[in-house]
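Trainee: Task: produce atomic coordinates for the following.
(one chain, ligands or ions: 2)
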Amino acid sequence: MTPSSTRTAPDDEDDDARGPRLSPRPFLVNVAVLRRHAGSRQHEERAGPIEGLAVSGSRVPPGAEVVVDVVLEAVHGGVMVSGAVTAPWEAECRRCLGPAQGGLEARVRELFEPDADLEETYRLGGEQLDLEPLARDAVLLELPLAALCSEGCLGLCPTCGANLNGGGCACPPASADPRWAALDLLRGQGE
Ligand SMILES: [Zn+2]
Ligand SMILES: [Zn+2]
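Mentor: Ligands and ions are numbered 1, 2, ... in the order given. Model (predicted):
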């Protein structure tokens, strides 16, 4: 689970001369041309920070970029958006309480409509389509609720609380093994 290399949005795309980094609203896409022809498609890769992406167990680091890589397709009544949303996350390991981190990727396929009820579809505001609510929802669903720093994390010693990933502690392992517990009991009876 190595953190993915830092991704930057392409700044050489002809169809978006503003450049995602320079725009105050990097997730806002103009769909005026797209919507003139049903069935036409438009690829968009947008990146930028989104505030408040956190669940009880983990969060996207403040200021980190969320990347939305999607294809927009003009359909009857709206725009279908499908592709992927990716973001880095950080958390407290549920076993050792140390830092944990990783990257998430959420697949998305959502309909944007002018008269969205906002429960099943997203709102299409005239010629502007805002990918941010979609990105926010996708990331919140995908953030881990009980992260691990690594699959093999050894956690904390139940007796002294030492982080066992750091080489163990002086506590006798006997209490964890039922065979030794039985032996201890026999010894206790003999005394
Ligand atoms: Zn851990
Ligand atoms: Zn211990």
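Trainee: CA only for contacts and neighbour counts going forward, please
Mentor: Noted.
Trainee: show me what contacts residue 95?
Mentor: By C-alpha atoms under 8 Å, 6 or more residues apart in numbering, the contact list for residue 95 reads 148, 153, 154, 155, 156.
Trainee: how close does it sit to residue 122?
Mentor: To residue 122, residue 95 is 38 Å away according to C-alpha to C-alpha, to the nearest Å.
Trainee: and if you look at residue 97?
Mentor: 38 Å.
Trainee: between those two, which one's more packed in?
Mentor: Using other C-alpha atoms under 10 Å as the criterion, residue 97 and residue 122 rank with residue 122 on top: 23 against 15.
Trainee: Quick check: the more buried one touching residue 109?
Mentor: No. Counting by C-alpha atoms under 8 Å, residue 122 does not reach residue 109; the two are 11.2 Å apart.
Trainee: one step back: can you say which of the contacts of residue 95 are also within reach of ligand 1?
Mentor: residue 153 (C-alpha under 5 Å from the ion).
Trainee: quick one: which of the contacts of residue 95 has the most company?
Mentor: Neighbour counts for those, by other C-alpha under 10 Å, peak at residue 148, which reaches 22 neighbours.
Trainee: what's the domain layout of the chain?
Mentor: 28-142, 154-191 (automatic domain parsing).
Trainee: Over to the first one now: how far is its first residue from its last?
Mentor: Across its full length, domain 28-142 reaches 22 Å end to end, with C-alpha to C-alpha as the criterion.
Trainee: could you check whether that domain is close to ligand 1?
Mentor: Yes. Under the criterion of C-alpha under 5 Å from the ion, ligand 1 is reached by domain 28-142 at 93, 96.
Trainee: tell me how far that domain is from the chain's mean position?
Mentor: 11 Å (C-alpha atoms, centre = their mean, to the nearest Å).
Trainee: Quick one: mean pLDDT for that domain?
Mentor: For domain 28-142, mean pLDDT rounds to 94.
Trainee: Work out for me the element residue 82 sits within.
Mentor: Under the criterion of DSSP states H and E, residue 82 resides in strand 78-92.
Trainee: now the angle from the very next helix or strand once past that strand to strand 78-92?
Mentor: Per DSSP H and E, the first helix or strand lying C-terminal to strand 78-92 is strand 99-113. Interaxial angle of strand 99-113 relative to strand 78-92 (axes from the mean of the first three to the mean of the last three C-alpha atoms, to 10 degrees): 170 degrees.
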